[in-house]
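Engineer: Sharing a sequence plus its predicted fold:
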Amino acid sequence: MGARDTSIEAYYDAKTKGLIRKNEMTVIEVAHDHWRDEGHTTKELMELVGAKIGANSWNRIQDFQKVVKPLKEKGVLEELDKRPCELTGRNAYPVRLTYQMPVKIDHAESEKLILRKTVADQAKQIDFLKRQVADLQDELRRTKNGELF
C-alpha cells in the first residue's frame, strides 16, 4: 500500500470524525483516482465528479466552488499556477490533492468576517443618515430664510 493509498484511507477516517463532508469526500476520491502533477481546474473536476456519480448535480461552477474552497482552506487541496483549462481553454487555477490531513477551520475567523461585513453595512447606514440630516438641515435653513412657503 503506497503513501497515497494510506492517505486516502486517512481521509475516510477524517470523514467519520466529521472533518470532511460527504460531497467533499467525493471530490477527494476523484482527485485521488485521477491524480496528476498539473492538477485539475474546477471545470475538469466537475466533469470527473459528474462521470463518477452518474450525473452532475453541481451544474453551476459557483456551487462546485462551495465544495472546493473549504478543501483548500483545510489544506486538503492546493492551488497551483494558472494554466489553460482542457475543457474551456481559459486560464484557470488548478488544484490537486496535498495528501495532508485536513486542518480544522477556525470559525472565529469566519465570525470576524461576519463582524466586518456588519460594521461595513452599519457604516453605510450611518452615511445615509448623515446625508438625510444634512438635507433636513438645509431645508430648515431655507425655511427660516423664508425661501419655502
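Structural biologist: Sure thing, it's come through. The structure presented is a predicted model; accordingly, all values stated were derived computationally and were not measured.

Engineer: gap between the strand or helix carrying residue 129 and the chain center?
Structural biologist: Under the criterion of DSSP states H and E, residue 129 resides in helix 107-144. Relative to the mean C-alpha coordinate of its chain, helix 107-144 is positioned 29 Å out (C-alpha atoms, centre = their mean, to the nearest Å).

Engineer: Then stretch 70-77?
Structural biologist: If you compare the mean C-alpha spot of stretch 70-77 with that of the full chain, they lie 10 Å apart, counting by C-alpha atoms, centre = their mean.

Engineer: which SS class is the most centrally placed residue in the chain?
Structural biologist: Nearest residue to the geometric centre of the chain (C-alpha atoms, centre = their mean): residue 69, 4.0 Å. For residue 69, the secondary-structure state derived from DSSP: H, G, I helix; E, B strand; the rest coil is helix.

Engineer: Equivalent analysis for residue 37, please.
Structural biologist: Applying three-state DSSP: residue 37 is coil.

Engineer: If you drop the residues flanking it in sequence, what lies closest to it?
Structural biologist: For residue 37, ignoring the flanking residues on the chain, the nearest one in space by C-beta to C-beta, 6 or more residues apart in numbering is residue 96 at 7.5 Å. The C-beta positions use only the backbone N, C-alpha and C, and glycine is treated the same way.

Engineer: distance of residue 38 from residue 94?
Structural biologist: Counting by C-beta to C-beta, to the nearest Å, the gap between residue 38 and residue 94 amounts to 6 Å.

Engineer: okay, those two: which has more neighbours?
Structural biologist: Counting neighbours by other C-beta atoms under 10 Å for residue 38 and for residue 94 shows that residue 94 has the greater number, 23 against 12.

Engineer: count of neighbours near the nearest residue to the more buried one once chain neighbours are set aside?
Structural biologist: Distances taken as C-beta to C-beta, 6+ apart place residue 39 nearest to residue 94, at 3.5 Å, with adjacent residues excluded. Here the neighbour count serves as a burial measure; for residue 39 (other C-beta under 10 Å) it reads 21.
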